[in-house]
Structure formats: structure tokens, C-alpha cells
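Engineer: structure for the following, please:
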Amino acid sequence: MSKTLGNVIDPIDTMKEYGTDALQFSLSLGTAGQDLNLSTERLALNKAFVNKLWNAGKFILQNLPSQDNVSAWENILAYKFDTEESLLRLSLPECWVVSELHELIDVVTSSYERFFFGDVGRETYDFFWGDFANWYESFSFLFQRLNYFSLGNAYNIFLAGEGGGDVGGGKP
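Structural biologist: Down below sits the predicted model:
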């Protein structure tokens, strides 16, 4: 942007049109010390992304148990997602998205440690937009509606498609 060229974006007008969150996220994607190509197209995409985050939050809240269901909340709070055994007890979509989340945490932690904050934003964007919002929410919705698939059924379908070969490196 350059005042001389007249291509300056007014932050107040930008916040009114695209929202403060979209502007902040767009700015967070930049690399410190380097110019940022901030365009209205990028702001529009990030506005859609922030909206996607909002909808994902609503999706999660709608699928949580009621506040009165104390035992369900105790189970949720006590659940550990750090072992293969605990992951395999989840439904197939949940198992997959938690696995992807573990990978995201590793990548983001590494980026933070190297002060690559723009990478943190991009990796988070890719996870939420692609993995969580497009895949997990869709499959979770389908699984809830069909109430048919379980991890065992999906595994059996996979084995049938693969001719019953050895899957998982010989692990049971």
C-alpha cells in the first residue's frame, strides 16, 4: 500500500465491511518484517473463515450435553485423547479429526517455537476450513442422522474392499 499510489485501505472502513476479526486474522497471516499483500479478496476470504469458525463453535455447543447432565460432563472432562486406545473408542469421524488435531498441534507448536506466526495462522486456517468444517462436520452430521456406522463397521467395510489383507502393520 502506498499513499502516493492511492491504494491504501482504511482500517475503519475495512472493519465495518469485513469485520474486526477478519482484519486481525488477515494481518496475523503476515510474516514479521515482510510486506503483506492485503487485498479485499483476502479480507473477504478471511471473513468467510471467521464465519466458519463461528459456525463450528455453534456446532460444537449444539452437540454438547445439557448442563444438567453431570455424568456426561464428567466423562467428557475425564477423557484423554492421547492414546491409540482412547482414539479407537471414538466414532470414525471423531477419531480422524482428533488425529488431525494432534498433527496440527505438533506443527503449530514448532512454528511458535521458531516465531513463524504466519505459519500458525495458515496451518490453523487449513485445519479448520478443510479438516474440521468441511469433513468432520459433514461426516458427523451424516453419522448422527444415519446412526448406522461405527468404527467396527467402517473397518469391516474397508477390509472387504481390500480383500481382507493385513491392515495396521500387523496390530490387532
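
Engineer: for the rest of this, base every contact and every neighbour count on C-alpha atoms.
Structural biologist: Fine.

Engineer: where does this protein have low pLDDT?
Structural biologist: The model of the chain has pLDDT under 70 over residues 1-3, 143-172.

Engineer: what residues go with each domain of it?
Structural biologist: According to automatic domain parsing, the chain comprises the domains 1-66, 79-163.

Engineer: now render these as a markdown table, adding mean neighbour count.
Structural biologist: Formatted as a markdown table, the entries for the domains of the chain read as follows, by neighbours: other Cα atoms under 10 Å:
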| stretch | mean neighbour count |
| --- | --- |
| domain 1-66 | 14 |
| domain 79-163 | 15 |
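
Engineer: adding distance to Trp73 as columns, could you present those domains in a markdown table?
Structural biologist: Below are these laid out as a markdown table (distance: least, Cα to Cα, whole Å):
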| stretch | distance to Trp73 |
| --- | --- |
| domain 1-66 | 7 |
| domain 79-163 | 10 |
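
Engineer: what sits against Phe59?
Structural biologist: Going by Cα atoms under 8 Å, 6 or more residues apart in numbering, Phe59 touches Glu137.

Engineer: can you show me the helices along the protein?
Structural biologist: With DSSP state H as the definition, the chain shows helices at residue ranges 11-18, 20-28, 40-62, 70-78, 84-88, 92-113, 117-126, 137-146, 151-162.

Engineer: what does the second one contact?
Structural biologist: When you say that, I think you mean helix 20-28. By Cα under 8 Å, 6+ apart, the surrounding residues in contact with helix 20-28 are 14-15, 36, 38, 42-44, 46-47, 49-50, 117-118, 121.

Engineer: and which of those residues is nearest Phe128?
Structural biologist: For the contacts of helix 20-28, the closest approach to Phe128 (Cα to Cα) belongs to Phe49, at 8.5 Å.

Engineer: against Asn55, how distant is the closest one?
Structural biologist: According to Cα to Cα, to the nearest Å, Phe49 and Asn55 sit 10 Å apart.

Engineer: now do Ser66
Structural biologist: From Ser66 over to Asn55 (counting by Cα to Cα), the distance is 19 Å.

Engineer: same check, this time on Ala133
Structural biologist: In this structure, Ala133 and Asn55 are 9 Å apart, going by Cα to Cα.

Engineer: spatially nearest residue to the residue nearest the centre of the chain (excluding sequence neighbours)?
Structural biologist: The residue at the geometric middle of the chain, judged as the C-alpha nearest the mean C-alpha position with Cα atoms, centre = their mean, is Phe128 (2.5 Å). Spatially, and ignoring its direct neighbours in sequence, Phe128 is nearest to Leu53 (7.3 Å; Cα to Cα, 6 or more residues apart in numbering).
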